[in-house]
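S.K.: Here you go, sequence then predicted model.
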Amino acid sequence: MVIDANVWVAAADPADRFCKESRKFITRTLDENKKIHLPTFAHVEIACALSRRLRDSHKGQQLAGMVFDIPSIREIALDTKLLADAVRIGSEYFLRAADAIYLAVARKLSVELISWDKELIQRAGAISPFDAS
């Protein structure tokens, strides 16, 4: 599976309305030793999103480091083909750039994309942590 940055960030922010559900989902996924694929870009997105939200650069960088230190995480490099797929997919589904990258990775690997993003769920077949198996 691919887990969107918004799930990781929600789990790290106690004020987020999806914090509890995100933590449960991530804990269950890790306990079940499921393989998680993340684009290299997720380092930047996770760190910046949490830092911006909490106004704490250390916590954002710390979270990104912790996520990519998880043994079941497989980092997917952004090569020219993957980026071209993201351009095509993002344009087709009218997505934001970062969302298109996550979806392109999920499609490349034929795995589920887990996200809280309503656009990804409604337009592109992503699954919320509530509905993930």
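M.R.: Looks like it came in fine.
S.K.: in what helix or strand does L38 lie?
M.R.: Per DSSP states H and E: L38 is located in strand 36-39.
S.K.: going on from that strand, what's the next piece of helix or strand?
M.R.: Past strand 36-39, the next helix or strand by DSSP H and E is helix 42-54.
S.K.: In this protein, where is pLDDT below threshold?
M.R.: Where the chain drops to pLDDT under 70, the residues are 133.
S.K.: which residues of it fall in strands?
M.R.: Listed in chain order, the strands of the chain (DSSP state E) span 2-3, 36-39, 73-76, 113-114.
S.K.: quick one: contacts of the first one?
M.R.: Translated: strand 2-3. The contact list for strand 2-3 (C-beta atoms under 8 Å, 6 or more residues apart in numbering) reads 26, 29, 36-39, 102, 105-106, 109, 111-115. C-beta coordinates here come from the backbone N, C-alpha and C atoms, glycine included.
S.K.: how about TSV for the strands of the chain, with distance to A49 added?
M.R.: Putting the strands of the chain into TSV (distance: least, C-beta to C-beta, whole Å) gives the following:
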stretch	distance to A49
strand 2-3	13
strand 36-39	14
strand 73-76	17
strand 113-114	16
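S.K.: Quick check: closest non-adjacent residue to R53.
M.R.: D13 (6.0 Å; C-beta to C-beta, 6 or more residues apart in numbering).
S.K.: Can you give me the neighbour number for the one you found?
M.R.: 18 (other C-beta atoms under 10 Å).
S.K.: for it, phi and psi?
M.R.: phi -110, psi 100 (degrees, to the nearest 10).
S.K.: Would you check that it makes contact with L54?
M.R.: Yes. At 6.7 Å, D13 and L54 qualify as touching, with contact defined as C-beta atoms under 8 Å.
S.K.: Can you show me the helices along this protein?
M.R.: For the chain, helices defined by DSSP state H occupy the ranges 5-12, 19-31, 42-54, 57-69, 80-93, 97-109, 118-124.
S.K.: other SSEs contacting the fifth one?
M.R.: Contacts of helix 80-93 with other secondary structure elements, assessed using 3 or more C-beta pairs under 8 Å, 6 or more residues apart in numbering; DSSP states H and E, are made with helix 97-109, helix 118-124.
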